[in-house]
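> give me a 3D structure for the following:
(2 chains, ligands or ions: 2)
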Amino acid sequence: MNSNLSSLAHNVQTRLLGLLQLLGGTFLTFVEATGQFAFFTLRAISHVFRPPLYFRQISRQFVDIGYYCLPVVGLTTLFSGMVLALQSYTGFSRYAGGAESAIANVVVISITRELGPVMAGLMVAGRIGASIAAELGTMRVTEQVDALTTLSTHPVKYLIVPRILAGVLMLPLLVAVGDVIGVFGGFLISVYRLDFNAANYIDQTWKFLETIDVVSGLVKASVFGFVVTLMGCYFGFNSKGGAQGVGAATTNAVVSSSILILILNYFLTGLFFGAK
Amino acid sequence: MAIETKIQLKDVHKAFGRKKVLNGVFLSVEKGQSLVVIGGSGTGKSVMIKCVLGIIESDSGSIQIDGEETRGAIGKKRDAFLNKFGMLFQGSALFDSLPVWKNVAFKLIQAKHLPAKEAKDVAVETLAQVGLAPDVADLFPAELSGGMQKRVALARAIAAKPEIIFFDEPTTGLDPIMADVINELIVKCVKNLGATTISITHDMASARKIADRVAMIHEGKIIWHGRKDEIDHSGNPYVEQFIHGRGEGPIKMQIKRD
Ligand SMILES: Nc1ncnc2c1ncn2[C@@H]1O[C@H](COP(=O)(O)OP(=O)(O)O)[C@@H](O)[C@H]1O
Ligand SMILES: [Mg+2]
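Numbers count the residues shown, from 1 in each chain, chains lettered A, B, ... in the order given. Ligands and ions are numbered 1, 2, ... in the order given. Presented below is the predicted three-dimensional model:
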């Protein structure tokens, strides 16, 4: 009886220890990964401010993000603006009057504050984040990154700095264009489908729009551009183990940057508009 | 002429997690000498030269180039030391986004800021040295056969006229004839430059062709080294087994991964 009890106690003890070990191990892995990521981020940022800068690489990345992403961002914001107008019409028409000005208001505020930056961020995460991770990942596993070092070229400066700069500077530009297209989408539906007065709609749009709406959206865009390119670079640069590793890096880059965009969007919104 | 030690490794250790790869490597190469390091797959040959280049950070020990410690070198010191090197990678590692000539002239353009026209001339000249026609210069690496890629990689390694060149398995994956062509080119180019070299291989024909001296690495240690002509009567059972390619002997192939 007594020995039974003590063996039970012993059993429980080893189980508990095992559990603690597992928890501790997971925690340590998490801390290590976080530390590695933080170190990578700081290193990347520090190289932005230290010459040399590779301007040819930078301009290539600017074109990749600023120009080749325009179609996807334009299309998504256009349809977002259109659907906003349609939805808010069906919503507001349940109440008497005011639908016309309310729709212009809803469209312009939602697009500039939220949908423009978030949609563009997510699209660029899928398009640019994935391609950065795949390209750098392939370069890593085929030793091209190591080859850069032996050719007296710093891989962080040559590969990462241009991409992060392009993300931070070009995404706001994309979003600015996307804002205009999105508002235009709302305008199209209001005027041609809902038969509102065109001049009146434009007038209402301008009346409601405040500088902070646009500025907050552009700041968000810049942050999202940083997140997308940083995640692509981080997972690509640290990928290992051939084709499978590159695939995993690409998935991780897109998933983590998409999630981070949505989370950061909440906090940035709180920062800009929460303290009222 | 006094003998100058160009590269010296003392008690270099490197582990990945719990897996010890380098376990106290001692090695020294004299100026103008060609050292071939032989050893089985996965014995840490590539890791060793990457530690010398600082691409992989070694855990402890000393690595000196021209008598200067290079472990942990940063900034200008590291740039200066990297400037002395050229390296031919196992899988060629050509930049697939750039045409052949920009690959070959990469260091000249990015680090030495040569104008494009001059850089291209040098690239075409270097390509000729490795037996490639000028029209290859405008092709992309993906359009070349494995043997041609190796030649381009060789051209890239020697284009900036480095003092020290590392060759990581230069003939692996090539047919015997192409392998011999590459060996000849390596011997010729190294002679022209007067460079100090470390070559890694498990191809004995290649080792015999390239080497002045041979060292054998096993389980993260240099277990034998000597002149090339000493290799056939080394009296070392590991070396004997390796150069004759026997399955039986002191070297046990690790079938199970640890
Ligand atoms: N970056 C790394 N991370 C973890 N393990 C590595 C890394 N690089 C090499 N290794 C391990 O070190 C050992 C030696 O590798 P390597 O030097 O490439 O062998 P080889 O002698 O064939 O060139 C291998 O078992 C490999 O798995
Ligand atoms: Mg190797």
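
> run through the chain and note the low-pLDDT ranges.
Assuming you mean chain A. Within chain A, the ranges that satisfy pLDDT under 70 run A:1-3, A:93-98, A:275-276.

> switch to chain B, please.
Chain B contains residues with pLDDT under 70 at B:1-2, B:253-258.

> can you give me the strands for it?
Here chain B has its strands, by DSSP state E, at B:5-16, B:19-30, B:34-38, B:60-65, B:68-69, B:85-88, B:164-168, B:196-201, B:213-218, B:221-227.

> so which of those strands is nearest B:L127?
Among these, strand B:85-88 comes nearest to B:L127, with 14.7 Å by CB to CB. Every C-beta, even on glycine, is put in place using the N, C-alpha and C of the backbone.

> direction included, what does that closest one pair against?
Here strand B:85-88 is paired, per DSSP bridges, with strand B:164-168 (parallel).

> where's the strand it pairs with relative to the chain centroid, distance-wise?
3 Å (CA atoms, centre = their mean, to the nearest Å).

> could you check the angle that strand makes with strand B:196-201?
In terms of direction (axes from the mean of the first three to the mean of the last three CA atoms, to 10 degrees), strand B:164-168 departs from strand B:196-201 by 0 degrees.

> max-length helix in the chain?
Because you didn't say which chain, this covers chain A. If you go by DSSP state H, chain A has its longest helix at helix A:2-48.

> correction: the question concerned chain B.
The longest helix of chain B (DSSP H) is helix B:176-193.

> now that one: buried residues?
Across helix B:176-193, burial judged by 16 or more other CB atoms under 10 Å in any protein chain shown covers B:M178, B:A179, B:V181, B:I182, B:N183, B:L185, B:I186, B:C189, B:V190, B:L193.

> what packs against it?
In terms of contacts (3 or more CB pairs under 8 Å, 6 or more residues apart in numbering or on different chains; DSSP states H and E), helix B:176-193 is packed against helix B:116-129, helix B:146-158, strand B:164-168, strand B:196-201, helix B:204-210.

> what residues does the stretch 101-250 of chain B have near chain A?
Residues of the stretch 101-250 of chain B lying close to chain A (CB under 8 Å from any CB of the partner chain) are B:F106, B:K107, B:Q110, B:A111, B:R156, B:A160.

> look up how far A:F30 lies from the second one.
Per CB to CB, to the nearest Å, B:K107 is found 40 Å from A:F30.

> make a markdown table from the strands of chain B and add distance to A:T251 and mean neighbour count to it.
Below are the strands of chain B laid out as a markdown table (distance: least, CB to CB, whole Å; neighbours: other CB atoms under 10 Å in any protein chain shown):
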| stretch | distance to A:T251 | mean neighbour count |
| --- | --- | --- |
| strand B:5-16 | 24 | 18 |
| strand B:19-30 | 27 | 18 |
| strand B:34-38 | 38 | 24 |
| strand B:60-65 | 37 | 18 |
| strand B:68-69 | 42 | 12 |
| strand B:85-88 | 32 | 25 |
| strand B:164-168 | 31 | 24 |
| strand B:196-201 | 34 | 26 |
| strand B:213-218 | 37 | 22 |
| strand B:221-227 | 40 | 17 |
